[in-house]
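> I need the structure of the sequence given here:
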Amino acid sequence: MKTFPSDDPSLFPTGDLANNFSPNPMVRRHGRGPEGTHCKTCRYLQSQSFGTARHYWKCTRYSVSHSEASDFRLKWESCRLYERESV
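Residues are numbered from 1 along each chain as shown. The predicted model follows:
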């Protein structure tokens with residue numbers, strides 16, 4: 001049987017890195033936040049409109065750009081930088 005370099009088990013992440021997959025780029029960068037919290041209630045998540053009728057959710061701790069690459073979802077689990085918004 002032919003083997004490939006990508007079959008080497010040492011190439012796969014283990015431990016915390018293996019369990020740190022999240023669509024939220026801030027979780028990948030800083031780690032998971034408090035259990036059961038989401039970006040929706042974080043004080044750093046803000047709505048931006050950029051002069052249009054649509055609103056885009058951006059995390060001010062990540063970056064705010066006109067690109068959809070910096071858009072955040074309200075349902076994403078929070079990162080370690082999470083701070084509950086003041087009411």
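
> look up the pLDDT of the most centrally placed residue in the chain for me, please.
Central residue of the chain (CA atoms, centre = their mean): Asn24, 1.7 Å from the mean position. Note on Asn24: pLDDT of 90.

> for Pro13, same thing?
52.

> with Cys42 instead?
96.

> also Asn20?
58.

> and the strands in this protein?
Here the chain has its strands, by DSSP state E, at 45-48, 56-59.

> isn't Tyr62 right next to Phe72, touching?
Yes: counting by CB atoms under 8 Å, Tyr62 does reach Phe72; the two are 7.3 Å apart. The way it works is simple: take the backbone N, C-alpha and C, and place the C-beta from them, glycine included.

> ok, so what distance separates the spatially closest residue to Ser47 that is not a sequence neighbour from Arg28?
Distances taken as CB to CB, 6 or more residues apart in numbering place His55 nearest to Ser47, at 4.5 Å, with adjacent residues excluded. When distance is defined by CB to CB, to the nearest Å, His55 is 25 Å away from Arg28.

> for these two, indicate the residue with more neighbours.
Arg28 (14 against 11; other CB atoms under 10 Å).

> what about the chain, any weak spots by pLDDT?
1-20, 87 (pLDDT under 70).

> where's Gly36 relative to Arg84, distance?
From Gly36 to Arg84 the distance is 12 Å (CB to CB).
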